[in-house]
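Visitor: Okay, structure incoming, though there's no sequence with it:
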């Protein structure tokens, strides 16, 4: 990858501050941390591929078997109890950052203190959520337009979803510590097993005629298994861990709470924005509109999960660099991770922007569903491509550096405006108005403000930083987009799902292949080749 020019990296002379003339080069090809970073990214991509394949099959099958109304109930129930994650209070992000920090400094006693302190907090929070779930599960249908014949299903689904997320609260501690130890290979192995089991189980349950309650129960079983696997993995990689309340201290609680208080506002805002629009749609619009909105949203979230799984690697990596006082490498990390995340997401954006309606109409076999959902895709793609994919790592690095305070306020402002404007547009403009509001606010807060804050912190020129991330991937995407438009207008391959899949896979393969040869830095290619050789050589040995 080309270095940023001196003009691109220098801050405005009006600030009177000295800045670096160029983003420093990354670690040498033989550096252990560089190979570890490549390994983490590689396994993140494997997890994404595994997630996409069953996800793109199971979700349409859910709609086919459940129908628009019951799929809306399914989405609504998990959106309702999704607010349980607010009890996180920023402590999971503190677990990631401080685990990486103490690991870099070799402070095992502090690690024991950290894990036990947060384990006590998360256990108490999970117990409180179970109690709250038992209080509200029979009354949840009163707030939404749930048809009377589905009240019982909705109530039980809320109960199961609440227990599911309560278990996940405890699991977030151990998954955060595993990520803090830079073991994304282990984390993604666990995710692949859990997600595969959940998807396969849902498919079997739907095929045998089971309903929403059975689906919710299987989600709970697989999530509990996920938590246990994370716990076992962390005990194996940190054998000196002593899990006992005696190791919990108020000193560590205050220290992590001080960091978490800055991330809590961001976490609350993100959680509310993830769940609020379907809830508002369920309140103001027919229940089927929840499904129409939730499906394209979920489809894009599958794609940005690819970005987040690569992007979260940047948080412990930047915390590690900060602990070692190697901040000169953070800017380079920000550019390469953001650029690579955009490259990874670009084939999804290109295909859905051209073939979105054809995919939904052919895939779901429900013309009304496709007619209501497909028009939302181009609008949502703007926010997800430039707000999420291209700048997710900017936000991740701000958290890793502990410089996330102002970004948290930006997310809070996005949340407030999102709620107010969505309530305003829903009665007149429906779910299209909600999609426009959500996408534009995402683009501003996460696609502009987040990178601007990071550039100010690192003293880099904003325009140069953005250009280094966006220009080359977008220029490379233009001929591929034009080719897809020509294919679409010629009505080639739009008659069946296999034909559409072939077009999508072909476009993704060609774009990612071209990106590898033109946009991936030579040192990163060498790191990847070295890592692959070591992996396969180790497997080949007896």
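Guide: In hand now; what should we look at? Fair warning: this is a prediction, and the values are worked out from it, not measured in the lab. Residues are numbered from 1 along each chain as shown.
Visitor: looking at it, residue 234 is touching residue 174, isn't it?
Guide: Yes: taking contacts as CB atoms under 8 Å, residue 234 lies within contact range of residue 174: 4.8 Å. The way it works is simple: take the backbone N, C-alpha and C, and place the C-beta from them, glycine included.
Visitor: between the two, what contacts are shared?
Guide: Applying CB atoms under 8 Å, 6 or more residues apart in numbering, one finds that no residue jointly contacts residue 234 and residue 174.
Visitor: Tell me where the model's unsure across this structure.
Guide: Within the chain, the segments meeting pLDDT under 70 span 1-45, 48-56, 78-87, 138-145, 262, 306-311, 492-494, 531-532, 534-542.
Visitor: Would you map the helices across the stretch 351-500 of the chain?
Guide: Along the stretch 351-500 of the chain, counting by DSSP state H, counting those that start in this stretch, helices occupy 367-373, 376-383, 392-401, 405-444, 450-458, 462-489, 497-518.
Visitor: again with the stretch 101-250 of the chain
Guide: Under DSSP H, counting those that start in this stretch, the stretch 101-250 of the chain gives helices at 108-136, 151-180, 184-207, 212-237, 250-284.
Visitor: Please identify the deepest-packed of those helices.
Guide: Of the helices of the stretch 101-250 of the chain, the one with the most neighbours on average (mean count of other CB atoms under 10 Å) is helix 151-180, at a mean of 23.
Visitor: now for that one, which elements pack on it?
Guide: Using 3 or more CB pairs under 8 Å, 6 or more residues apart in numbering; DSSP states H and E, the elements in contact with helix 151-180 are helix 32-81, helix 91-105, helix 108-136, helix 184-207, helix 212-237, helix 314-323.
Visitor: could you dump these to a markdown table with distance to residue 161?
Guide: What follows is the helices and strands packed on helix 151-180, written out as a markdown table (distance: least, CB to CB, whole Å):
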| stretch | distance to residue 161 |
| --- | --- |
| helix 32-81 | 4 |
| helix 91-105 | 19 |
| helix 108-136 | 8 |
| helix 184-207 | 13 |
| helix 212-237 | 6 |
| helix 314-323 | 27 |
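Visitor: Among these, which comes closest to residue 426?
Guide: Residue 426 lies closest to helix 32-81 among the helices and strands packed on helix 151-180, at 15.0 Å (CB to CB).
Visitor: how many neighbours does the closest residue to residue 334 other than its chain neighbours have?
Guide: Spatial nearest neighbour of residue 334, excluding adjacent residues (CB to CB, 6 or more residues apart in numbering): residue 397 at 5.2 Å. Neighbourhood size, residue 397 [other CB atoms under 10 Å]: 30.
Visitor: Residue 397 and residue 208, how far apart?
Guide: Distance, residue 397 to residue 208, by CB to CB, to the nearest Å: 47 Å.
Visitor: now do residue 360
Guide: 26 Å.
Visitor: Among those two, which residue is more densely surrounded?
Guide: Neighbour count, other CB under 10 Å: between residue 360 and residue 208, residue 360 has more, with 25 against 8.
Visitor: State the distance from residue 251 to residue 112.
Guide: From residue 251 over to residue 112 the distance is 13 Å, taken as CB to CB.
Visitor: Report the contact partners of residue 233.
Guide: Taking CB under 8 Å, 6+ apart, one finds 174, 178, 183, 186-187, 190 in contact with residue 233.
Visitor: oh sorry, the question was meant for residue 245
Guide: By CB under 8 Å, 6+ apart, residue 245 lies in contact with 116, 120.
Visitor: try residue 146
Guide: Listed by CB under 8 Å, 6+ apart, the contact set of residue 146 reads 73, 76, 154, 287.
Visitor: what's the closest of those residues to residue 104?
Guide: Nearest to residue 104 among the contacts of residue 146 is residue 76, at 43.4 Å by CB to CB.
Visitor: Was I right to think that closest one contacts residue 279?
Guide: Yes: using CB under 8 Å, residue 76 is in contact with residue 279, at 7.1 Å.
Visitor: Skipping adjacent residues, who's closest to residue 508 in space?
Guide: Nearest one to residue 508, counting by CB to CB, 6+ apart, is residue 347 at 3.6 Å.
Visitor: from memory that neighbour sits against residue 511, does it?
Guide: Yes: taking CB under 8 Å as the definition, residue 347 is a contact partner of residue 511 at 5.1 Å.
Visitor: one step back: for the helices and strands packed on helix 151-180, which one sits closest to residue 498?
Guide: With CB to CB as the criterion, residue 498 lies closest to helix 32-81 of the helices and strands packed on helix 151-180, at 12.7 Å.
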